[in-house]
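Q: no FASTA, just this:
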């Protein structure tokens, strides 16, 4: 089992890459956006990737907090902000050589 991971409901929950998550927060702040570290109870590809590399996920607000549903909707501005956080996080990861 990967350090920082746990078994949850019969599947492995992955610990996030601390350095990667810190860079997500830095990227959000540099864009004038707020960020909040939070766990995800959903199963994601991150569970598998975490065995090979640091992982982190970027969540954006959805109307009424609805997620993983056909009724899920996020404002276009929130989607653009999330993509920009991802872009700036990847650029920062590349600068620090954390993904090689």
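A: Yep, it's here. Note that the coordinates shown come from a computational prediction; the quantities given were computed from them, not determined experimentally.
Q: contacting residues around the strand or helix carrying residue 93?
A: Using DSSP states H and E, the element containing residue 93 is helix 76-96. Helix 76-96 has contacts (C-beta atoms under 8 Å, 6 or more residues apart in numbering) with 19-20, 23-24, 26-28, 30-31, 33, 35, 56, 58-62, 99. Quick note: C-beta positions are derived from backbone N, CA and C, even for glycine.
Q: mind doing that once more with 10 Å?
A: Defining contact as C-beta atoms under 10 Å, 6 or more residues apart in numbering, one finds that helix 76-96 is touched by 17, 19-33, 35, 54, 56-63, 74-75, 98-100.
Q: same question for that helix: list its buried residues.
A: 81, 82, 84, 85, 88, 89, 92, 93 (16 or more other C-beta atoms under 10 Å).
Q: now stretch 17-34
A: Neighbour-count burial for stretch 17-34 flags 17, 20, 21, 23, 24, 25, 27, 28, 33 (criterion: 16+ other C-beta under 10 Å).
Q: so residue 53 makes contact with residue 17?
A: Yes: between residue 53 and residue 17 there is a contact under C-beta atoms under 10 Å: 7.4 Å.
Q: just to revisit the earlier point, of the buried residues of helix 76-96, closest to residue 48?
A: Using C-beta to C-beta, residue 93 is the member of the buried residues of helix 76-96 that lies nearest residue 48, at 19.0 Å.
Q: so what pLDDT did that closest one get?
A: pLDDT recorded at residue 93 is 84.
Q: so what does the helix or strand containing residue 24 touch, helix or strand wise?
A: Per DSSP H and E, residue 24 falls inside helix 18-30. When contacts are defined as 3 or more C-beta pairs under 10 Å, 6 or more residues apart in numbering; DSSP states H and E, helix 18-30 packs onto helix 76-96.
Q: angle of the helix it packs on against helix 18-30?
A: Here helix 76-96 runs at 130 degrees with respect to helix 18-30, directions being taken by axes from the mean of the first three to the mean of the last three C-alpha atoms, to 10 degrees.
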